[in-house]
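Novice: Okay, structure incoming, though there's no sequence with it:
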């Protein structure tokens, strides 16, 4: 079978990009011919509604490759919803929704009161000053509102099956748009059994360096934590728009000895950092879907401390070694950092068994093929 995987970016960047590379290799190992379609350059544009260049490129790609199945991932930041209209009706199409951008034009899904928005997309999204858009002007908010509505219309009109990695997000999309073709399939992970003993040398953050990831909450509170534990270290791995601001904050506050920034690393190079960390920190202030960092950390037998919100909350209920702190609560965050400092690790046996059972590439593959056969 020929499978075409579509994503904004087809180089390793964030969770979805790591995922499509892993899936491509696995599908090829099953005897399928797999090709990727998207940009090799990272160009994030929240306001791209119509990308005609890639619309015609995709039509050409489909004519030449003749896929039997099309798997779609992120198309919001670069490719645009327009590309869905380049897809022939006769070819089965499955889209994976990776975040809350389909029910929140501002993506974070956090309202002006710093609470999870329960309303969903509506005209109020244009003029409300939510947490992610305090400095946005109304023209840009209108463009984002139009784009998300067009994206949802395109998906409902052109796609056969919608999947998300989170039961919470699946339920929200199913309810909001009154759909019956929405299913939960967990993010597949490569299980790597390392031979190292976790030495617990430092705290670790892995991910994009963007405001929604809660980096400045992390920096400010880790700085307070250092007042009591001055020898502790934090390693931050990633790239993003606010990297310069982060470096400036570290320099101004004389934190270079305690907080170290490393550039983006590929999935395979991250393992040594995961298994040598005493705790992986996920301080996201937006509503995460279902964090790959959580799964990667557990595979390398390192516990986590995560913000109690969205998909992270869902993961904390599933896995024993995912600890939580109250949403954006500095006192509780620092208290839990101390807990990570002093507590003995729980067994990872149950967490790893669950990942092997429900998050394997084999299970993901079987689920995709099952839905393909239903459509076909």
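Specialist: Here it is on my side, so go on. Computed from a prediction, not measured in an experiment: that's the story for all the values here. Residues are numbered from 1 along each chain as shown.

Novice: which residue ranges form the strands in the stretch 51-200 of the chain?
Specialist: 69-72, 93-96, 161-164, 182-184 (DSSP state E, counting those that start in this stretch).

Novice: Adding distance to residue 259 and mean neighbour count as columns, could you present those strands in CSV?
Specialist: From N, CA and C alone the C-beta is placed, and that goes for glycine too. Formatted as CSV, the strands of the stretch 51-200 of the chain follow (distance: least, CB to CB, whole Å; neighbours: other CB atoms under 10 Å):
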stretch, distance to residue 259, mean neighbour count
strand 69-72, 38, 23
strand 93-96, 34, 23
strand 161-164, 34, 22
strand 182-184, 37, 17
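
Novice: Can you say which of these is nearest to residue 31?
Specialist: strand 69-72 (13.7 Å; CB to CB).

Novice: That closest one pairs with which strands, parallel or anti?
Specialist: strand 2-9 (parallel), strand 93-96 (parallel) (DSSP bridges).

Novice: Show residues contacting stretch 94-102.
Specialist: 15-16, 69-74, 76, 107-109, 148, 151-152, 155, 159-165, 169, 172-173, 185, 286-289, 310, 368, 371-372, 375 (CB atoms under 8 Å, 6 or more residues apart in numbering).

Novice: picking up where we left off before, right, and the strands paired with strand 69-72 - which one's nearest residue 321?
Specialist: Here strand 93-96 is closest among the strands paired with strand 69-72 (CB to CB), at 25.8 Å.

Novice: quick one: average confidence on that closest one?
Specialist: For strand 93-96, the mean pLDDT works out to 96.

Novice: returning to that earlier point: and the strands of the stretch 51-200 of the chain as JSON lines, adding distance to residue 215?
Specialist: Formatted as JSON lines, those follow (distance: least, CB to CB, whole Å):
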{"stretch": "strand 69-72", "distance to residue 215": "30"}
{"stretch": "strand 93-96", "distance to residue 215": "26"}
{"stretch": "strand 161-164", "distance to residue 215": "25"}
{"stretch": "strand 182-184", "distance to residue 215": "29"}
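
Novice: among the ones you listed, which is nearest residue 327?
Specialist: The nearest among these, by CB to CB, is strand 161-164 at 21.5 Å.

Novice: Can you name every helix or strand that the closest one contacts?
Specialist: strand 93-96, helix 167-177, strand 182-184, helix 361-375 (3 or more CB pairs under 8 Å, 6 or more residues apart in numbering; DSSP states H and E).

Novice: remind me which residues of the stretch 151-300 of the chain are low pLDDT?
Specialist: For the stretch 151-300 of the chain, residues meeting the criterion pLDDT under 70 lie at 192-199.

Novice: Let me know how buried residue 253 is, in neighbour terms.
Specialist: When neighbours are defined as other CB atoms under 10 Å, residue 253 has 14 of them.

Novice: so who does residue 65 touch?
Specialist: Residue 65 neighbours (CB under 8 Å, 6+ apart): 2, 4, 35.

Novice: what about residue 203, which SS state?
Specialist: strand (DSSP: H, G, I helix; E, B strand; the rest coil).

Novice: domain parsing for the chain?
Specialist: 2-188+360-375, 202-356 (automatic domain parsing).

Novice: hang on, the earlier thing: can you list the strands paired with strand 69-72 in JSON lines and add distance to residue 300?
Specialist: JSON lines is the format used below for those (distance: least, CB to CB, whole Å):
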{"stretch": "strand 2-9", "distance to residue 300": "25"}
{"stretch": "strand 93-96", "distance to residue 300": "24"}
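
Novice: would you list every one of the helices in the stretch 1-150 of the chain?
Specialist: Ranges of helices in the stretch 1-150 of the chain, per DSSP state H, counting those that start in this stretch, are 15-29, 52-65, 124-127, 138-158.

Novice: Let me know which of those helices is tucked in deepest.
Specialist: helix 15-29 (a mean of 19; mean count of other CB atoms under 10 Å).

Novice: any idea how far it is from the chain center?
Specialist: Chain-centre distance of helix 15-29: 15 Å, with CA atoms, centre = their mean, to the nearest Å.

Novice: tell me the mean pLDDT over that helix?
Specialist: On average, helix 15-29 scores 90.

Novice: angle of that helix against strand 2-9?
Specialist: 160 degrees (axes from the mean of the first three to the mean of the last three CA atoms, to 10 degrees).
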